[in-house]
Every structure is written in structure tokens, then in C-alpha cells.
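**Q** output the structure for:
(one chain, ligands or ions: 1)
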Amino acid sequence: MSSTYEAYAEALAKRKASKVAASARQPARGGARTNSGGEHAGENENENEEHVGGPARGLSFPALGLDPAFVRAVQTAFPNVQVPTGIQEQLIPEILAGKDILLRDATGSGKSFGLVLALLSKPRIVIHETNGSTRRAITALVVVPHRDLALQLHHWIERLVSAMRPAPAAASIVQVLVRGADRPLDSALAALRATPPHVLVCTPQALQEALRVDRAALQLDTLRAVAVDEVDYLVETVARKEVGKSFQRAFEKAVRKVARHPGPTREILDAIYAPRRTLVQRPYVPEEDKAGRWDSVEEWRSEKEREVGLPQLILSSATLRVHLKDYLFSESGWLNPYNVVKIMGDTSNAKRNGWNADRRILHSVVIASDTEIRNIDGAVAAPAEKKESAETSGTEDEEGAVDSKGYYNEKYGQTASPFDANALEAIATGFALDVPSVALLVIPSSAPVQRAVWELREMGVNAETLDVEASGRGGAYLLGSGVDVMRANPRLLVATLASTRGLDLPALTHVFVLGLAEGPHVNGRSVDAYVHIAGRVGRFGRAGRVVSVVGGEAEGAKVERILTTLGARPVRFEHFD
Ligand SMILES: Nc1ncnc2c1ncn2[C@@H]1O[C@H](COP(=O)(O)OP(=O)(O)OP(=O)(O)O)[C@@H](O)[C@H]1O
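**A** Below you'll find the model as predicted:
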């Protein structure tokens with residue numbers, strides 16, 4: 001399949017190259033780029049476009065195609081959101097035009113928020129039954145890696161809905177499908193059937209289970225759009241390297257492993273886009289072209305694509321490695337090569353100027369040993385800044401905290417800790433001295449979160465497992481309104497990287513990282529992991545601090561290498577001078 005598909009994409013790439021050459025001969029028209037239209041406009045130019053983001057052009061949301069009344073609701077619900085960000089200027093019109101999209105831009109640049117606004121602005125799907133009645137169907141499916149991110153998007157949309165006049169029933173606009181004891185699948189599916197929402201937000205595992213139990217409730221056949229956020233986490237691909245035989249064997253083994261365990265997201269996308277694979281392999285039949293409508297085989301195929309009418313696909317992340325882009329673009333068979341656009345935020349600039357240049361994030365590396373807790377050698381002084389003072393860290397139990405103390409004492413009290421006690425002490429100290437309201441502690445993927453919470457609480461830290469919904473008022477505290485409550489009693493949320501990707505917690509000021517979050521090797525994967533971890537702070541001009549706590553010089557040097565790759569330098573965490 002893949003070779004046919006590659007040939008298919010290659011033909012388009014050639015055509016695009018000749019168009020680019022032709023347009024290079026045209027006089028410049030100014031502006032960043034012009035849109036080539038999309039399926040609705042009927043003026044699809046059959047080209048694979050790529051555009052690289054620049055600064056925002058100062059357009060308004062209505063100028064991007066959003067309804068003015070909807071924009072008023074957005075601005076009422078989110079007073080900080082008045083004009084689109086640079087990436088939203090590019091993303092929103094392409095989503096509204098029905099394009100397939102491969103999107104990458106920095107963490108906190110507004111990708112997910114822009115996605116939500118555009119999907120809500122797509123026309124609602126209404127099915128006309130043979131008996132003359134009509135019913136609504138799900139318009140867009142948004143797949144995210146973890147439950148908390150699903151709840152965050154749900155919360156955003158509910159806020160928006162409540163600002164609409166008249167306000168529709170929230171369940172008709174958004175529902176979530178996630179796993180959890182408190183969210184039985186049966187009732188979620190019953191709700192979907194009773195009131196199909198405009199947008200369904202789900203995790204891949206929950207969606208896969210739902211498809212097994214009640215495929216009809218998901219209405220995949222009439223979907224208009226599928227979006228996969230954090231796609232590099234959800235779709236695993238293997239990095240290729242031009243090296244010797246031993247690497248080749250490891251590479252092939254890794255490829256076989258992915259083939260054996262493709263993961264739920266691949267399986268879901270394979271199922272939804274299966275008709276495209278059939279289409280790609282279908283030979284051109286000249287007799288079909290009696291009316292001489294098509295100038296080329298490509299135009300014929302492009303029309304067949306429109307006839308099949310698969311939902312547009314939007315794939316996004318702050319980090320998209322080349323091997324993943326290659327896979328998605330040339331091999332997966334999910335994207336429509338006649339109607340796809342790549343939107344790549346301008347990370348090269350950020351890198352050239354220092355990753356940190358336009359973001360107010362301070363990165364520190366702290367070495368915690370038996371004898372001392374200190375900054376890594378060579379850390380520079382932090383720029384002077386007015387700081388909010390940290391208030392005392394309370395220790396009383398709260399909603400969402402570990403309440404069954406006896407149970408955990410019994411469970412953990414008798415066994416050796418898997419954590420480095422010096423590192424936990426450094427984190428507890430840093431938290432007490434520097435955190436005004438909320439901090440996140442990211443521990444390695446294989447480490448037990450609940451145990452870390454218990455140990456920190458034994459040290460007097462107000463620690464809890466990151467769980468947006470349990471954090472207070474069904475998630476409202478962490479997702480927006482709880483700053484004052486949390487300021488009175490700062491909390492340390494503990495999680496692994498997998499459950500923090502994409503999260504936007506406005507009150508978060510600090511991220512502590514225990515060791516190297518993604519294993520002991522410094523490679524593209526660990527750099528990407530750091531980008532996502534650090535990206536939980538410093539969003540939209542807010543200040544933030546990332547403190548990596550390691551056990552020794554060697555590990556500290558690895559974190560420093562990651563920072564160097566990102567164009568950042570460690571600054572001193574002043575409490576450990
Ligand atoms: N146009 C805007 N103006 C002001 N703030 C915005 C705008 N768009 C989004 N935001 C805010 O920016 C924050 C980050 O947005 P979002 O989560 O969409 O970023 P992201 O690019 O998806 O990040 P990540 O890569 O970490 O998932 C949110 O708090 C959101 O409310």
C-alpha cells in the first residue's frame with residue numbers, strides 16, 4: 001500500500017514544485033501567504049502546501065471566518081482572548097476550508113484553543129432520514145492523549161457555551177468519552193445517542209472501547225472532522241538513522257514492535273480512513289471520463305476523493321519529528337494528498353534567538369546529594385524580577401488529597417522508597433520557598449505517582465496526584481478560577497509526562513522535574529519530552545520556572561545538553577546558592 005500511496009504523493013509533489021517555480025516567476029503580492037481555497041470553495045488547486053508561521057498579522061477572528069456573535073461569546077467567556085494568535089490566523093481558515101492539516105507550533109501558542117474555535121464554527125451535521133425527519137450527528141471528533149486534557153477542552157467549550165445568547169444545552173455542543181470508574185461507558189454512550197454533540201472529545205482507549213461496544217453511537221460515517229492533538233505521542237514511529245548493521249537490526253525490531261502493537265490511535269485512524277486506501281489502489285478508468293472532464297489522472301483522483309467524502313483530518317503537536325511527518329504524510333494513508341496543508345510554526349527563529357528568548361521561563365538544574373543541594377556549576381544569575389511571595393504551605397487534607405492515610409502508611413511504610421530522598425527533599429524545599437499557588441512535579445514514566453505523593457506528604461508538602469476533575473469544583477479550580485484558594489494553600493501536583501501533555505493550568509508557575517523524564521539517554525525523544533514538560537509554564541507571556549532535580553553531575557550535564565539543544569541556559573535557583 002505504502003509504495004502506491006508514495007507514488008500518489010510524489011506525483012503531487014512534482015506538480016507542486018512546478019507550481020512553486022511558476023509562482024516564483026510571478027511578481028510578489030505581499031503578505032504572508034494566500035489561501036488556495038478548499039473543498040467547499042470548489043477551487044482546490046490540488047497542491048500540498050507548506051507554510052511557516054510568522055508573527056500575527058493582526059487579523060480579527062471574524063476576518064478568519066468566525067461568526068461575529070460566536071466571537072463575542074468567546075471574548076466574554078475568555079476576556080484575555082481578543083484577537084487570534086499567529087498560528088490561529090493560519091489554522092482557523094484552513095480548518096473552515098475543510099483541509100487536512102499537519103500542524104506544529106510551540107507549546108502554549110494557542111493550537112488547541114484555535115482548533116476548538118474552528119471546529120465549533122463548522123456547520124452542524126444534520127442527517128435527513130428517508131421518512132422525512134432530520135436528526136443531528138456528531139460533527140467533529142477530537143482525540144487527546146489523556147483524560148485531563150479531554151476535561152480541559154470540555155471545560156473550555158462549556159465556558160464558551162454559557163456565554164452564548166441564547167445559550168444552547170452544553171451536551172448538544174460537547175461531550176467527553178474518557179475512561180474512569182466515575183464515568184461508565186454505558187451512560188456515556190446513551191448520552192451520545194440521545195444528544196449527539198457538535199464536538200466529541202475522547203481518549204483513544206475510551207473511543208476504541210466504545211467502538212467495540214456500540215459503533216453506531218459514534219456515527220463515524222457522517223463525521224466532518226477528526227483532530228488528533230499531541231499526535232507524536234499517540235502515533236509511535238521509529239527514527240531512521242544511516243548507520244551500521246547493529247542499528248539496522250534495532251531499527252527493524254522497533255518497526256516490528258510498532259507493527260505488532262500499533263496502539264489505539266493508529267487502529268482508529270486506519271478504520272476511519274480505510275476507504276482512501278482502496279481509492280488509492282483503484283486504477284484510472286478512461287471510460288469513466290466520457291465527458292472529458294478531467295485534464296489529468298490527478299484531477300480524476302482528486303474528484304474521487306471528494307466523492308468518498310472522508311472527514312478532514314487535523315494532526316497537531318508542539319513536536320513533530322521528521323520520521324513521524326514522513327509517516328503521516330507519505331505512508332499512513334490517512335491524509336488526502338489533494339487537500340492537505342502543513343502549518344509549521346517558526347521554531348527556527350525561536351531556536352536561533354534562544355528558545356527562551358520570547359518566553360519568560362527560567363530553567364534551573366539542581367543537584368541533590370547526601371551532603372548538599374546546589375545549583376549545577378556554571379548556572380547564571382536569574383534576571384531581577386519582582387516576585388510574588390510564597391505563603392506558608394499548609395498540610396491539612398483537602399478535596400482531592402490523599403485521604404486514606406492509614407491505608408497508604410500500611411502500603412508504603414514498610415517498603416524501601418523508589419525515589420532519591422535527597423531529590424524529594426530538594427523539591428519539597430523549592431516548593432515551600434518559591435511556589436505561590438500551584439506547581440507540577442513530573443516524575444519518570446515508570447515511577448509510581450501515588451507513592452511520590454505519599455512520600456511528599458510525609459515531608460509536609462501539600463502534594464496530590466494531578467487530577468483536574470478532583471482538584472475542586474469539578475476542575476474549575478485548576479482550569480481557571482481557583483487561584484485564590486490555591487494561593488492560601490499552595491499545592492504540588494504530581495504526574496508523569498503522559499498525563500500532563502497539552503494541559504493549560506493558568507495558575508501554574510513552577511514545574512519540578514525529577515531526573516530525566518524520558519529515560520537516561522539524551523536524544524530527540526528526551527528533548528521533546530523536556531519541551532512538553534517545560535511548556536506547561538510560560539504560556540501567553542506568563543512567567544514560569546522549570547527546576548530539574550538530579551542526583552549527580554553526570555545527570556546534570558545531560559539536562560544541560562537538553563537545554564543547550566533548545567538554546568537555553570541554566571539559571572541559578574537562588575534558594576540553593
Ligand atoms: N488568541 C488568544 N489570545 C489570548 N490567549 C489565548 C489565545 N488563544 C489561546 N489563548 C490561551 O493560551 C493558552 C494556551 O493555549 P493552548 O492550550 O491552545 O496552546 P497549545 O499551543 O495547544 O499548547 P500545547 O502545545 O502545550 O498543547 C490557553 O490558556 C488559552 O486560553
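**Q** wait, doesn't residue 163 sit right on residue 71?
**A** No: judged on CB atoms under 8 Å, residue 163 makes no contact with residue 71 at a distance of 10.8 Å. Heads up, the C-betas are built off the backbone N, CA and C, glycines and all.
**Q** ok, residue 249 to the ligand distance?
**A** 35 Å (CB to the nearest ligand atom, to the nearest Å).
**Q** now the helix or strand hosting that residue: average pLDDT?
**A** Take DSSP states H and E as the rule and residue 249 turns out to sit in helix 245-260. For helix 245-260, mean pLDDT rounds to 78.
**Q** export it to CSV, keeping only CA atoms.
**A** The C-alpha trace of helix 245-260 is given here as CSV (Å, rounded to 0.1, in the frame of the first residue of the first chain):
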residue,chain,number,x,y,z
LYS,A,245,24.2,-3.1,10.8
SER,A,246,23.7,-3.3,14.5
PHE,A,247,21.5,-0.2,14.4
GLN,A,248,19.6,-1.6,11.4
ARG,A,249,18.7,-4.6,13.5
ALA,A,250,17.5,-2.5,16.4
PHE,A,251,15.5,-0.3,13.9
GLU,A,252,13.8,-3.3,12.3
LYS,A,253,13.0,-4.7,15.7
ALA,A,254,11.4,-1.4,16.7
VAL,A,255,9.4,-1.3,13.5
ARG,A,256,8.1,-4.8,14.1
LYS,A,257,7.1,-3.9,17.6
VAL,A,258,5.1,-0.9,16.3
ALA,A,259,3.5,-3.1,13.7
ARG,A,260,2.5,-5.7,16.3
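**Q** immediately after it, which helix or strand?
**A** Beyond helix 245-260 toward the C-terminal end (DSSP H and E), the next one is helix 263-272.
**Q** who touches that next one?
**A** 143, 204-205, 207-208, 211, 220, 223, 226, 228, 231, 234-236, 262, 310-311, 313, 332-334 (CB atoms under 8 Å, 6 or more residues apart in numbering).
**Q** quick one, which of these are buried?
**A** 143, 204-205, 207-208, 211, 220, 223, 226, 228, 231, 234-236, 310-311, 313, 332-334 (16 or more other CB atoms under 10 Å).
**Q** tell me how far residue 431 lies from the ligand.
**A** 22 Å.
**Q** same question, residue 235
**A** Note on residue 235: its distance to the ligand, by CB to the nearest ligand atom, is 16 Å.
**Q** contacts only, for that residue.
**A** 228, 263, 265-266, 269, 324, 327-328, 332.
**Q** repeat for residue 125
**A** By CB under 8 Å, 6+ apart, the contact list for residue 125 reads 136-139, 222-224.
**Q** tell me how this protein divides into domains.
**A** Domain ranges of the chain: 2-281+298-346, 353-576, per automatic domain parsing.
**Q** next, format the ones you listed as TSV and append distance to residue 292.
**A** Converted to TSV, the domains of the chain look like this (distance: least, CB to CB, whole Å):
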stretch	distance to residue 292
domain 2-281+298-346	11
domain 353-576	49
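**Q** most neighbours among the contacts of residue 125, please name it.
**A** Counting neighbours by other CB atoms under 10 Å, residue 139 comes out on top of these with 24 neighbours.
**Q** and stretch 168-177, average pLDDT?
**A** 96.
**Q** could you report the pLDDT at residue 427?
**A** At residue 427, the pLDDT value in this model is 96.
**Q** find the nearest non-adjacent residue to it, please.
**A** Spatially, and ignoring its direct neighbours in sequence, residue 427 is nearest to residue 512 (4.8 Å; CB to CB, 6 or more residues apart in numbering).
**Q** for that neighbour, give me phi and psi.
**A** phi -100, psi 140 (degrees, to the nearest 10).
**Q** what of the one 4 residues further on?
**A** Its backbone dihedrals place residue 516 at phi -100, psi 120, with angles given as degrees, to the nearest 10.
**Q** OK, contacts around it?
**A** Counted by CB under 8 Å, 6+ apart, residue 516 has contacts 444, 522, 526, 550, 555, 558-559.
**Q** and with 10 Å instead?
**A** Residues in contact with residue 516 (CB atoms under 10 Å, 6 or more residues apart in numbering) are 444, 522, 526, 529-530, 548, 550, 555, 558-559, 562.
**Q** could these go into JSON lines alongside distance to residue 258?
**A** Shown next, in JSON lines, are the contacts of residue 516 (distance: CB to CB, whole Å):
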{"residue": "444", "distance to residue 258": "22"}
{"residue": "522", "distance to residue 258": "23"}
{"residue": "526", "distance to residue 258": "19"}
{"residue": "529", "distance to residue 258": "19"}
{"residue": "530", "distance to residue 258": "23"}
{"residue": "548", "distance to residue 258": "30"}
{"residue": "550", "distance to residue 258": "31"}
{"residue": "555", "distance to residue 258": "29"}
{"residue": "558", "distance to residue 258": "26"}
{"residue": "559", "distance to residue 258": "29"}
{"residue": "562", "distance to residue 258": "25"}
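**Q** pick out the lowest-pLDDT one from those residues.
**A** residue 522 (84).
**Q** thought residue 106 was touching residue 316, still the case?
**A** No: when contacts are counted by CB atoms under 10 Å, residue 316 is not listed as touching residue 106 (11.9 Å).
**Q** what sits in contact with each of those two?
**A** In contact with both residue 316 and residue 106: residue 87, using CB under 10 Å, 6+ apart.
**Q** up against the ligand, what does this structure have?
**A** Selection of the chain residues close to the ligand by CB under 6 Å from any ligand atom yields 78, 80-81, 84-85, 88, 107-113, 318, 502, 504, 506, 535, 539-540.
**Q** can you get me a residue count around the residue in the stretch 451-577 of the chain positioned nearest to the ligand?
**A** Nearest residue of the stretch 451-577 of the chain to the ligand, counting by CB to the nearest ligand atom: residue 502, 3.6 Å away. Look at residue 502: counted by other CB under 10 Å, it has 25 neighbours.
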